[in-house]
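**Q** Dropping the sequence and predicted coords here.
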Amino acid sequence: MTTHHHSTAELAKLARVLDRPRATDLDFLAELPPSALRQLRDQVTDLIAVREARRMQRIGAAAKLVPAPLAAKITEAAFGPVLAAAIAGSVDPARAVAIASSLSPRFLADATVTLDPRRATALIAEVPDRMAAATARELIDRGDYLTMGRLAGSVPDRVLRAALPHAADIDLLHVGFYLEETGAADRLLAVVADRVPGMVRATAAADHWAEAITLLDLLGPAERSHLGNVVADQDDDVLDGFLTAVTALDAWDTLLPAAAGMEHTALQRLSQRPTLHDPAVLTTIADLALTQDLWLDLLPLTEHLTPTQLHPIATRLAAEPAETRTTLIEQAHAAGATTTLRRITDLLPG
């Protein structure tokens, strides 16, 4: 499930680079893995940059010859935002910021749409908080979460802190959906840690669980478990909505690694919900754990399940070859889960 939604985000980014108004024009690429789509996007961006490099260098050199306010007027009137973004990496960062200071937030937002953060790292690091906040406000007002997500991984934490207060909780979720990598997702949630419960409630209210689960899949182990704890701490209807979505989207392979590091009280809350009393769901969870190397991630959750809930898991374990069962039992012993394991093995037939 999450692979599909990561691919959807990557297709939207690729469509932006190719100047295709509709990402659906690229649906023929939808079966490619997200990593391949990102590699293609980077290659296209690099080809465009190489083709235009000499022209950008000449224009960048010319920008040094006139006062910054005049250069800003020329930029808005003659170059436009797309060319301005292309030139940004060819101008001294301090000079670029001086010019940008005289540009309107609307123009800056237009320029960031096509800005390649890989070629503007030094410039992005120099952006004043005030400018970042104004540009982010413009992008959020437009609903351009793709641009926000693409840039969020490249800006310093101080810029994120300046840029995100204007965003509503649901806006933060949409930005997270378009983040580029695990490090960016972890940083975003760390910066807005106090708003994560609000993000979860906003997600439930808008029924945007698919985006939230895609973001969950981007997180590293610690942040993934922390988000799991936050979700488990919500009202029953929010938690039930989340578990229903995980089941419908076939995303238990995303949740199980989170469960491995969750607090005992959070796992207990999960175990009590109706979804985890459904034998079909429990069989699916067991099958994923046994076929996708998530066995040790499953065991902390099984500690809180009743014998009735454990029965489908034991039945699925019994279907494994004897040699495989022996290996899984040894793994559980080595992980210190002997007591939990015994509760499952006691239910094995025979």
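**A** Sure, I can see it.

**Q** alpha carbons only for contacts and neighbour counts from here, please
**A** Noted.

**Q** how far away is R106 from I99?
**A** 15 Å (CA to CA, to the nearest Å).

**Q** What are the boundaries of the strands in the stretch 51-200 of the chain?
**A** Along the stretch 51-200 of the chain, no segments are classed as strands by DSSP state E, counting those that start in this stretch.

**Q** Poorly predicted segments of it, please.
**A** 51-90, 182 (pLDDT under 70).

**Q** Sketch out the helices for it, chain order is fine.
**A** Taking DSSP state H, counting those that start in this stretch as the criterion, the stretch 51-200 of the chain carries its helices at 68-74, 80-88, 93-100, 105-112, 121-126, 129-142, 145-152, 157-163, 169-177, 182-191, 196-206.

**Q** Out of those helices, flag the one nearest Q234.
**A** Checking the helices of the stretch 51-200 of the chain against Q234 by CA to CA gives helix 196-206 as the closest, at 7.9 Å.

**Q** hmm, back to that, need the helices of the stretch 51-200 of the chain in CSV with mean neighbour count and distance to D346, can you?
**A** CSV is the format used below for those (neighbours: other CA atoms under 10 Å; distance: least, CA to CA, whole Å):
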stretch, mean neighbour count, distance to D346
helix 68-74, 17, 75
helix 80-88, 21, 65
helix 93-100, 19, 66
helix 105-112, 20, 60
helix 121-126, 17, 58
helix 129-142, 19, 55
helix 145-152, 23, 49
helix 157-163, 18, 51
helix 169-177, 23, 43
helix 182-191, 19, 39
helix 196-206, 18, 38
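
**Q** So which of the ones you listed is nearest G261?
**A** Closest to G261 of those, according to CA to CA: helix 182-191, at 15.5 Å.

**Q** quick one: that closest one to helix 169-177, angle?
**A** Interaxial angle, helix 182-191 versus helix 169-177 (axes from the mean of the first three to the mean of the last three CA atoms, to 10 degrees): 160 degrees.

**Q** What helices and strands are in contact with the strand or helix carrying I213?
**A** In the assignment (DSSP states H and E), I213 maps to helix 209-218. For helix 209-218, the contact count by 3 or more CA pairs under 8 Å, 6 or more residues apart in numbering; DSSP states H and E identifies helix 2-17, helix 169-177, helix 182-191, helix 221-232, helix 236-248, helix 252-259 as packing neighbours.

**Q** Would you tell me which of these gets closest to T275?
**A** Of the helices and strands packed on helix 209-218, nearest to T275 by CA to CA is helix 236-248, at 6.6 Å.

**Q** ok, and what's touching the closest one?
**A** Identification of contacts with helix 236-248 by CA atoms under 8 Å, 6 or more residues apart in numbering yields 201, 204, 209-210, 213, 231-232, 252, 255, 270, 273-275, 281.
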